[in-house]
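[1] Build me a model:
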Amino acid sequence: MTDAPPPPRRAWGRYLFLVGLVLVTALVWHFGWENLARLIRGASPLDLGLMTMLIVAGFWIRAWKWHYALGPGQQGIRLFFIAKTAGNLTPGRAGEFAPLLLRGHRNARVAAWIGLDRIVEVLWTLGLGFFGAAAIGLLPWWLVVGGASVGVFMLLIAWRLLGRSPLSEPASSGDATTWREKGWAMLQTVRKELLRFGPTLPVVMATTAVAKVTDIYAVIVLCTAFGHTASFLVVCAARCAHALVSAVPVTPDATGVPFIAAAWCLNTYSDIPYDTLTAALGLEVIVINAILWACFCIVSAFPWGSAPESNTEA
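    Sure thing, here's the model as predicted:
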């Protein structure tokens, strides 16, 4: 069985990148290349350097989180950058499950951790984003408070059910049931692995919060570099809008559409001109990808812990 995606998916991926290229070309034509270049040249080098440091910190805080959660010898740092790099290139960030394509990491523990980490990251993004949206008047407080209460209640119920003793396996009756039994066994294995991450959750939640704050302040400093001010709450709302749009399979980051959602928030609630946002966000994308690929190359060149033995539980 090959790990390569089928041709239709590759064609769809190229189409999404083409959409992003067309959008960038249209923006450059609309605002003018010379104008955008002038804005970038006028940005504060000191603030851009600080933004770069915050982006680097955000990546490595998350990488350490993976190392801490997966444990020694599991190459958590390497797996994080593989997942992050692949996630940036795929619709719905599905590529973040790319570590499961590696034979030595194709197991229930890695699968459970990636799923859990995505849930924690999304919860922090939505929590900060909805709070920011309510604070600036984009959403009513009753909706945010009510939604958060329901969400917390459902998470507690889900964790409670997860921790209960598993039900008995389905009765065996032929080939179809054999597949059911395999599926049931796999689910039980993933369930057990999720429960094993329970003691790490306080640290995982805390490090994710710190990483989110570095992301937010990176954008704040970026706006400062271009001579504008954006509050913490506005940036929270903008990043949440970006995340929600990028989660839609037809509008990943490659299309550029999520950046339009973030730009709308920053323009509407911080009065930052669209040409400045085009230059600033475009520069941010370049810096983020340069840092990500540099880190990916660094961790690929070093072992970062011995690889685990092949495990095909999942």
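
[2] could you point out which element follows the lowest-mean-pLDDT helix or strand in the chain?
    Across the helices and strands of the chain, the lowest-confidence element by mean pLDDT, DSSP states H and E is helix 175-196, at a mean of 70. Sequence-wise, the next helix or strand downstream of helix 175-196 (DSSP states H and E) is helix 201-225.

[3] buried set for that next one?
    Using 16 or more other C-beta atoms under 10 Å as the test for burial, helix 201-225 gives 204, 207-208, 211-225. C-beta here means a position set from N, CA and C on the backbone, and glycine is covered the same way.

[4] now stretch 268-282
    The neighbour-count check on stretch 268-282 (16+ other C-beta under 10 Å) flags Tyr269, Ser270, Ile272, Asp275, Thr276, Leu277, Thr278, Ala279, Ala280, Leu281, Gly282 as buried.

[5] So which residues make contact with it?
    Contact partners of stretch 268-282, identified using C-beta atoms under 8 Å, 6 or more residues apart in numbering, comprise 24, 27-28, 31-32, 35-36, 39-40, 43, 136, 138, 222-223, 225-231, 234, 237, 259, 262-263, 266-267.

[6] can you give me the offset of that stretch from its chain's centre?
    Remark: stretch 268-282 is offset 23 Å from the chain centroid, using C-alpha atoms, centre = their mean, to the nearest Å.

[7] Then stretch 289-306?
    With C-alpha atoms, centre = their mean, you get 18 Å for stretch 289-306.

[8] Dump that stretch to PDB, keeping only the CA atoms.
    Backbone C-alpha positions of stretch 289-306 (Å, rounded to 0.1, in the frame of the first residue of the first chain) are rendered in PDB as follows:
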ATOM      1  CA  ASN A 289       7.100  29.700   6.700                       C
ATOM      2  CA  ALA A 290      10.800  30.500   6.600                       C
ATOM      3  CA  ILE A 291      11.100  29.700  10.400                       C
ATOM      4  CA  LEU A 292       9.000  26.600  10.100                       C
ATOM      5  CA  TRP A 293      11.000  25.100   7.200                       C
ATOM      6  CA  ALA A 294      14.300  26.100   8.900                       C
ATOM      7  CA  CYS A 295      13.200  24.300  12.100                       C
ATOM      8  CA  PHE A 296      12.000  21.300  10.100                       C
ATOM      9  CA  CYS A 297      15.400  21.000   8.400                       C
ATOM     10  CA  ILE A 298      17.200  21.400  11.800                       C
ATOM     11  CA  VAL A 299      15.200  18.700  13.500                       C
ATOM     12  CA  SER A 300      15.400  16.400  10.500                       C
ATOM     13  CA  ALA A 301      19.200  16.700  10.600                       C
ATOM     14  CA  PHE A 302      19.500  15.600  14.200                       C
ATOM     15  CA  PRO A 303      18.000  12.400  15.900                       C
ATOM     16  CA  TRP A 304      16.300  14.300  18.800                       C
ATOM     17  CA  GLY A 305      16.100  11.000  20.700                       C
ATOM     18  CA  SER A 306      16.200   7.500  19.400                       C
END
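
[9] quick one, helices of this protein?
    Applying DSSP state H to the chain gives helices spanning 7-31, 33-41, 45-70, 76-88, 108-135, 141-163, 175-196, 201-225, 232-246, 257-270, 274-301.

[10] Reformat the ones you listed as JSON lines; add distance to Leu101.
    Output for the helices of the chain, formatted as JSON lines (distance: least, C-beta to C-beta, whole Å):
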{"stretch": "helix 7-31", "distance to Leu101": "14"}
{"stretch": "helix 33-41", "distance to Leu101": "38"}
{"stretch": "helix 45-70", "distance to Leu101": "16"}
{"stretch": "helix 76-88", "distance to Leu101": "9"}
{"stretch": "helix 108-135", "distance to Leu101": "11"}
{"stretch": "helix 141-163", "distance to Leu101": "26"}
{"stretch": "helix 175-196", "distance to Leu101": "17"}
{"stretch": "helix 201-225", "distance to Leu101": "24"}
{"stretch": "helix 232-246", "distance to Leu101": "22"}
{"stretch": "helix 257-270", "distance to Leu101": "25"}
{"stretch": "helix 274-301", "distance to Leu101": "15"}
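
[11] out of the ones you listed, which comes closest to Ala98?
    Taking C-beta to C-beta, helix 76-88 is the member of the helices of the chain nearest to Ala98, at 3.7 Å.

[12] so how far is stretch 213-222 from its chain's centroid?
    On C-alpha atoms, centre = their mean, the centre of stretch 213-222 falls 16 Å from the chain's centre.
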